[in-house]
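Engineer: Kindly generate the corresponding structure for this input.
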Amino acid sequence: MKRLAGMVKVFLLVIILATIILLAAAVTAQSDIQVAPIDNEITVKEEAVFDVTVTNPHDEDRVYTLYSLDVIWGLTPDQTQFTVPKGESKTLKVRVKPLGPFQPSKYVVKLYVDSSIGTTPAERLVRDLPIILYPEEPVEYAPSVKVTVDLDEKISPQQPLSVKVSLRNRNPLDLYGMRLYIQTDLPEFAQEALIDLPALGEKTVEFTITPNPQQPPKKYTLFFTLDRLGETVKIVQKEIEILPFTPAFTVVKEEQKVFLKKLITLTVRNPGNLPQTQPVKVSIAALDALVTKGLEVVKEGEQRFLVQDITLEPGETTTLSYVTNYRIPLYVLVVILLLFVAYQIIKSPLQLQKRATAHKGELSEIKVTLDVRNASGKHVKEVRITDLIPSIANLEKGLEMGTIHPHDIRHTVRGTTVHWLIAELEPKEQRLITYSLKAKFNIVGTLSLPRATAEFQRGKRRGKTYSNLARVS
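Structural biologist: Prediction:
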């Protein structure tokens, strides 16, 4: 029983929801009334004609009644009252005639449409019937011309635009010397033409307009005005929209070459009609990228580019400059060559190297070798080699075979100074000087021996060179 009661509650809830939905649809749905003018430009003695289409979207047949509350206008539908089956439409003509003294102007007549379900009123709708009233011309009457303008309402600023204006003379009167011109804030659209129209004749005038590519994108109003003898005959208003145009920036490259130097100027322009920020990118050789200043160098794969982000207003032009300068590497190379030549000129022709080794790994006995070499291609004369033996060691008297004997030995406060003399060294000749030291006490750690010096005769001047520091541990 409880389960059955629950099912009944669910069923009732579904019915209530469905009813609410149907009632909401019934409340919100409205009949659709469409008005299309057949001829709404008339004189005071003519009738305006409209097509009125009534659509019944409801779920039942409805009775519709058409009428007007304006007593100064005569409104005559083909049928004042009619039935439209559910889901169907019906179109009928409605004629409107001015009944009072009117001045030429634009008027709006209210059309009322009541619908009912049987005899029960259901809804009331109101539609406007626009009427343009012209004066009734006597033998000499004012010109009446119907003007129709055909053009694209959405305009691309980089494409030429064709505007067609169709004119129809509504009077049995020849119209000569009329002037058709366009009034607007857009200078490129300011066109005009002289027109002659025969009685009841027709003519089409076509304008070809080239918009400004930098025209800001927005909506503009065009007024097509027809004048005759200084008096306005007709004005037609049209709304157009200039579309956004955002192409890539144009880049023109100019190059000026001087000695090992290139001065490049890029002229960048925004041809669009909106402010834009775009990267300006120019390919460059890998070698040129090393000596180019002024723009950022970016590597993409194996290629290199000069890149800079630019922001430009519509039609704005700017210039970018950069310099490819091979002079700096040349200057560096020249300086290196000069330094090398100077080094070759001033460097010592003698090379002196000092080596020291401990006897059986003990610092008590040390063997010292002086290696003197003539590295030049010329003879070196009067070579005097001097070495200092620290006071913590004594010079051993025994000499190895083939070594040079000391010229003199002097004992000083700093230690023992030993001199060797070599009368001449031939080009590339090498001589070895070897002697032994014996420490006065045990040495622990590392012993550093001072540099040896070599003096020599170089032309008319004496030269001097030094050995390295010899360390033994």
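Engineer: Check the separation of the first and last residues in stretch 272-281.
Structural biologist: For stretch 272-281, the first and last residues are 18 Å from each other (Cα to Cα, to the nearest Å).
Engineer: Use 47 as the first number from now on
Structural biologist: In the new numbering, first residue 47, that becomes stretch 318-327.
Engineer: Check the offset of it from the chain's centre.
Structural biologist: When C-alpha coordinates are averaged (Cα atoms, centre = their mean, to the nearest Å), stretch 318-327 and its chain have centres 4 Å apart.
Engineer: same thing with stretch 235-253?
Structural biologist: On the basis of Cα atoms, centre = their mean, stretch 235-253 sits 45 Å off its chain's mean C-alpha point.
Engineer: Isn't residue 83 up against residue 176?
Structural biologist: Yes - Residue 83 sits in contact with residue 176 when judged by Cβ atoms under 8 Å, with a separation of 7.0 Å. Just so you know, the C-beta spots here come from the backbone N, C-alpha and C atoms, and that holds for glycine as well.
Engineer: can you give me the helices in this structure?
Structural biologist: Using DSSP state H, the helices assigned to the chain run over residues 48-74, 332-336, 373-392.
Engineer: any idea which of the ones you listed scores lowest on pLDDT?
Structural biologist: Summarising mean pLDDT across the helices of the chain, the least confident stretch is helix 48-74, with a mean of 51.
Engineer: center of the protein - which residue?
Structural biologist: Of all residues in the chain, the one closest to the mean position by Cα atoms, centre = their mean is residue 324, 1.8 Å from it.
Engineer: That one against residue 355, yeah?
Structural biologist: Yes - at 7.3 Å, residue 324 counts as touching residue 355 under the criterion of Cβ under 8 Å.
Engineer: how about low-confidence regions in the stretch 147-296 of the chain?
Structural biologist: Scanning the stretch 147-296 of the chain for pLDDT under 70 picks out the ranges 182-188.
Engineer: show me where it has strands.
Structural biologist: Listed in chain order, the strands of the stretch 147-296 of the chain (DSSP state E, counting those that start in this stretch) span residues 151-163, 166-180, 191-196, 200-201, 207-215, 221-229, 238-243, 248-255, 265-274, 277-288, 296-304.
Engineer: same question, the stretch 297-446 of the chain
Structural biologist: In the stretch 297-446 of the chain, strands defined by DSSP E, counting those that start in this stretch lie at 307-315, 322-330, 338-339, 342-346, 349-358, 363-371, 396-405, 408-420, 426-436, 439-441, listed in chain order.
Engineer: Ok, which of the ones you listed comes nearest residue 125?
Structural biologist: Nearest to residue 125 among these is strand 322-330 (60.8 Å), distances taken as Cβ to Cβ.
Engineer: How is this protein divided into domains?
Structural biologist: Listed by automatic domain parsing, the domain ranges of the chain are 75-180, 191-288, 296-374, 394-518.
Engineer: Tabulate the ones you listed (a markdown table), appending distance to residue 387.
Structural biologist: Listed next are the domains of the chain as a markdown table, based on distance: least, Cβ to Cβ, whole Å:
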| stretch | distance to residue 387 |
| --- | --- |
| domain 75-180 | 99 |
| domain 191-288 | 62 |
| domain 296-374 | 20 |
| domain 394-518 | 15 |
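Engineer: Leaving out chain neighbours, which residue sits closest to residue 436?
Structural biologist: Across the structure, with Cβ to Cβ, 6 or more residues apart in numbering as the measure, the residue nearest residue 436 apart from its sequence neighbours is residue 461 (4.7 Å).
Engineer: Distance-wise, check the nearest residue to residue 167 once chain neighbours are set aside relative to residue 129.
Structural biologist: Once flanking residues are discounted, residue 167 sits nearest to residue 160: 6.5 Å by Cβ to Cβ, 6+ apart. If you measure residue 160 against residue 129 using Cβ to Cβ, to the nearest Å, the figure is 13 Å.
Engineer: okay, those two: which has more neighbours?
Structural biologist: Set residue 160 next to residue 129 and count neighbours by other Cβ atoms under 10 Å: residue 160 wins out with 17 against 13.
Engineer: if we can go back for a sec, out of the strands of the stretch 297-446 of the chain, which comes closest to residue 194?
Structural biologist: strand 322-330 (38.7 Å).
Engineer: Out of the domains of the chain, which gets nearest to residue 382?
Structural biologist: With Cβ to Cβ as the measure, domain 296-374 is the member of those nearest residue 382 (12.7 Å).
Engineer: quick check, distance from that closest one to the centre of its chain.
Structural biologist: 14 Å.
Engineer: That domain: end-to-end distance?
Structural biologist: Taking Cα to Cα, domain 296-374 runs 32 Å from one end to the other.
Engineer: buried residues in stretch 133-140?
Structural biologist: Within stretch 133-140, the residues that qualify as buried by neighbour count (16 or more other Cβ atoms under 10 Å) are 138, 140.
Engineer: Need the residues that contact it.
Structural biologist: 78, 84, 95-103, 110, 112, 121-125, 128, 130, 157, 175 (Cβ atoms under 8 Å, 6 or more residues apart in numbering).
Engineer: picking that back up, for the residue nearest to the centre of the chain, give its distance to residue 313.
Structural biologist: Where residue 313 is concerned, residue 324 sits at a distance of 14 Å (Cβ to Cβ).
Engineer: doesn't residue 515 make contact with residue 494?
Structural biologist: Yes - using Cβ under 8 Å, residue 494 makes contact with residue 515 at a distance of 5.9 Å.
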